[in-house]
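Peer 1: what shape does this take:
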Amino acid sequence: MNINIGDLLAIQIEYDVPERKYHRWSHIQKMFSNANEYDLCLSGSQQLAIIFHDLVCVPGQCGLNEFHSAILADKYIRKNNACVNSETVKLCISSTIGHIPLCDEAAVVVDLDVLILASDLDEYWSYSKAIREEHSFLSEELWVKGRVKFLEEMLKRKNLFLCSCFLQLNKNAHENISYELDMLKKTDVNEIGVKELV
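Peer 2: Residues are numbered from 1 along each chain as shown. Now for the predicted structure:
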């Protein structure tokens with residue numbers, strides 16, 4: 001998938017605004033580097049989905065962010081007559097909302113998006129800290145509730161990763177998530193409904 005260098009720089013600038021702490025251009029680069037490390041051959045649709053999936057990132061607006069990111073991807077495809085399947089790109093982006101593939105090509109994108117969950121503990125905690133900083137407007141109480149909700153949902157899944165090349169990483173991810181949950185649940189919070197925070 002070839003993107004005009006000017007467009008790519010504009011996208012990178014959008015990702016690297018100061019208020020973003022984790023969902024930055026480095027996250028996109030990491031997804032591509034992990035794909036290379038595991039010898040994954042990404043289609044043009046998958047590549048474009050990766051680039052656009054977090055383009056809109058307003059903390060606390062999970063679902064809306066991906067919806068608007070998909071719209072921007074679709075506009076880019078139409079404007080540039082990109083040789084990719086627009087519906088596939090949008091489905092791949094939408095799949096990152098609940099981290100459940102909505103089409104065959106989405107599985108790889110979803111796995112790459114959450115591969116950080118299986119990283120070594122130091123990198124995992126850096127990720128967790130960055131996510132917290134992105135949600136610094138939340139009280140500790142609300143943060144814990146939202147984060148616990150997301151982590152418990154992920155922990156329920158026997159296989160967090162669906163692609164065969166990542167299956168061996170499920171154990172690492174479950175251990176990291178369980179450890180963070182243990183830490184979070186030591187915080188005394190009241191029962192408050194809140195969206196998942198990732």
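
Peer 1: flag every buried residue along stretch 53-71.
Peer 2: Buried residues in stretch 53-71, counting neighbours by 16 or more other Cβ atoms under 10 Å, are found at 53-57, 59, 62, 65-66, 68-70. For glycine as for every other residue, the C-beta is placed from the backbone atoms N, C-alpha and C.

Peer 1: ok, residues contacting stretch 91-98?
Peer 2: If you take Cβ atoms under 8 Å, 6 or more residues apart in numbering as the criterion, stretch 91-98 is touched by 45-46, 49, 52-54, 62-63, 66-67, 69-70, 73, 101-103, 105-106, 109-110, 113.

Peer 1: returning to what we had before: identify, from the buried residues of stretch 53-71, the entry nearest to residue 3.
Peer 2: Taking Cβ to Cβ as the measure, residue 3 sits nearest to residue 55 out of these, at 12.4 Å.

Peer 1: from residue 23, how far off is the nearest residue to that closest one once chain neighbours are set aside?
Peer 2: Closest residue in space to residue 55, ignoring its immediate chain neighbours: residue 69 at 4.6 Å, by Cβ to Cβ, 6 or more residues apart in numbering. From residue 69 across to residue 23, the span is 11 Å (Cβ to Cβ, to the nearest Å).

Peer 1: intersection of neighbour lists for these two?
Peer 2: residue 54.

Peer 1: ranges for the helices of the protein?
Peer 2: 5-15, 25-37, 44-52, 64-80, 86-98, 106-113, 121-134, 140-155, 170-184 (DSSP state H).

Peer 1: okay, now residue 50: neighbour count?
Peer 2: 25 (other Cβ atoms under 10 Å).

Peer 1: what about the nearest residue to it once chain neighbours are set aside, neighbour count?
Peer 2: Once flanking residues are discounted, residue 50 sits nearest to residue 31: 5.2 Å by Cβ to Cβ, 6+ apart. Neighbours of residue 31 under the rule other Cβ under 10 Å: 23.

Peer 1: got the contact list for the most centrally placed residue in the chain?
Peer 2: Nearest to the mean C-alpha position of the chain, by Cα atoms, centre = their mean, lies residue 113 at 4.2 Å. Residue 113 is in contact with 31, 50, 53, 96, 99, counting by Cβ under 8 Å, 6+ apart.

Peer 1: now with 10 Å?
Peer 2: 27-28, 30-31, 34, 49-50, 53-54, 92, 95-96, 99, 106, 198 (Cβ atoms under 10 Å, 6 or more residues apart in numbering).

Peer 1: any stretches of this protein with poor pLDDT?
Peer 2: Filtered on pLDDT under 70, the chain yields the residue ranges 1-2, 187-198.

Peer 1: and which of the contacts of residue 113 is nearest residue 170?
Peer 2: For these, the nearest to residue 170 is residue 99 (13.4 Å; Cβ to Cβ).

Peer 1: just give me the neighbour total for the closest one.
Peer 2: Neighbours of residue 99 (other Cβ under 10 Å): 21.

Peer 1: cool, and residue 34?
Peer 2: For residue 34, using other Cβ under 10 Å, the count is 18.
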